[in-house]
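K.L.:
Structure for this input, please:
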Amino acid sequence: MKYFLQGITMGLAYVAPIGLQNLFVINTALTQKRSRAYLTALIVIFFDVTLALACFFGVGTIMEKSKLLELAILLVGSIIVIWIGIGLLRSKGSMESSTDVNVPILKVITTACVVTWFNPQAIIDGSMMLGAFRASLPKEEGLKFIAGVTSASCLWFTGITTFISVFSSKFTDKILRGINIVCGAVIVFYGLKLFYTFIQLVTNR
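P.N.:
Residues are numbered from 1 along each chain as shown. Below is the predicted model:
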């Protein structure tokens, strides 16, 4: 349960910051009927989960065969995680967006796929972050952690869609800023935790 909850915490902190995918889900919930908003959320969840699984198991499997690569990914991953967190702490959430949400479902699917799977930064960040966490976990606990991460994606996108559908008039830039501050702090904490794991592995070699 400990590692599952850690996965949920890390997953929420990583998926919640307001980016293009989140803005698309938010704007859909604000402007479309509820059934369309939930369908869009499910599409985004599918691509988020598949990318998370690929990053976690793909990079993790490679790292198990090379201790030097494991150390390198832990170091670089911790730096990237801390950098992402600091960036969120400094960013300003805004509801301003020119994203067109009144589009056919097929275009929603292809857009979500392209933004997720053809985004080098998303793949690099996801691989470094999740790969680094796999390196820091006991081998038998990895499934619990990634189950938490994927659950976080489901909880976040369905939760934010429900919240906005019900309380659309109260969803403001200030709330978005608050989300970024909380998530940034959590991500920095986990980045420091990863760096500490790196230091431990180096000193124990």
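
K.L.:
buried stuff in stretch 155-173?
P.N.:
L155, W156, F157, T158, I160, T161, I164, S165, F171 (16 or more other CB atoms under 10 Å). The C-beta positions use only the backbone N, C-alpha and C, and glycine is treated the same way.

K.L.:
pLDDT score assigned to the spatially closest residue to the second one that is not a sequence neighbour?
P.N.:
Leaving aside its sequence neighbours, W156 sits nearest to V15 (CB to CB, 6 or more residues apart in numbering; 5.0 Å). As summarised for this prediction, V15 has a pLDDT of 82.

K.L.:
Please apply the same query to V103.
P.N.:
Predicted confidence (pLDDT) at V103: the value is 66.

K.L.:
ok, now the one 5 residues further on?
P.N.:
Predicted confidence (pLDDT) for V108: 80.

K.L.:
And for Y38?
P.N.:
Value listed for Y38 in the pLDDT field: 93.

K.L.:
ok, back up a step: looking at the buried residues of stretch 155-173, which are in helices?
P.N.:
Residues of the buried residues of stretch 155-173 located in helices (DSSP state H): L155, W156, F157, T158, I160, T161, I164, S165.

K.L.:
Now for the second one: which residues touch it?
P.N.:
Taking CB atoms under 8 Å, 6 or more residues apart in numbering, we find W156 in contact with G11, L12, V15, A16.

K.L.:
Swap in 7 Å and give it another go.
P.N.:
By CB atoms under 7 Å, 6 or more residues apart in numbering, W156 lies in contact with L12, V15, A16.

K.L.:
ditto for the last one
P.N.:
Each residue near S165 by CB under 7 Å, 6+ apart is listed here: A29, R34, A37.

K.L.:
let's see 6 Å
P.N.:
A29, R34 (CB atoms under 6 Å, 6 or more residues apart in numbering).

K.L.:
Distance-wise, check it relative to V149.
P.N.:
From S165 across to V149, the span is 25 Å (CB to CB, to the nearest Å).

K.L.:
try K174
P.N.:
With CB to CB as the criterion, K174 and V149 are 28 Å apart.

K.L.:
Name the residue in those two with the higher neighbour count.
P.N.:
Each of K174 and V149 had its neighbours counted (other CB atoms under 10 Å), and the higher figure belongs to V149 (28 against 9).

K.L.:
any idea which element S151 lies in?
P.N.:
Using DSSP states H and E, S151 sits in helix 142-167.

K.L.:
and that helix, how far from the chain's centre?
P.N.:
Centroid separation for helix 142-167 versus its chain: 10 Å, with CA atoms, centre = their mean, to the nearest Å.

K.L.:
Check the burial of V114 by counting its neighbours.
P.N.:
The burial count for V114: 11, using other CB under 10 Å.

K.L.:
pretty sure the residue nearest to W156 is touching S153, no?
P.N.:
Yes - between V15 and S153 there is a contact at 5.3 Å, judged by CB atoms under 6 Å.
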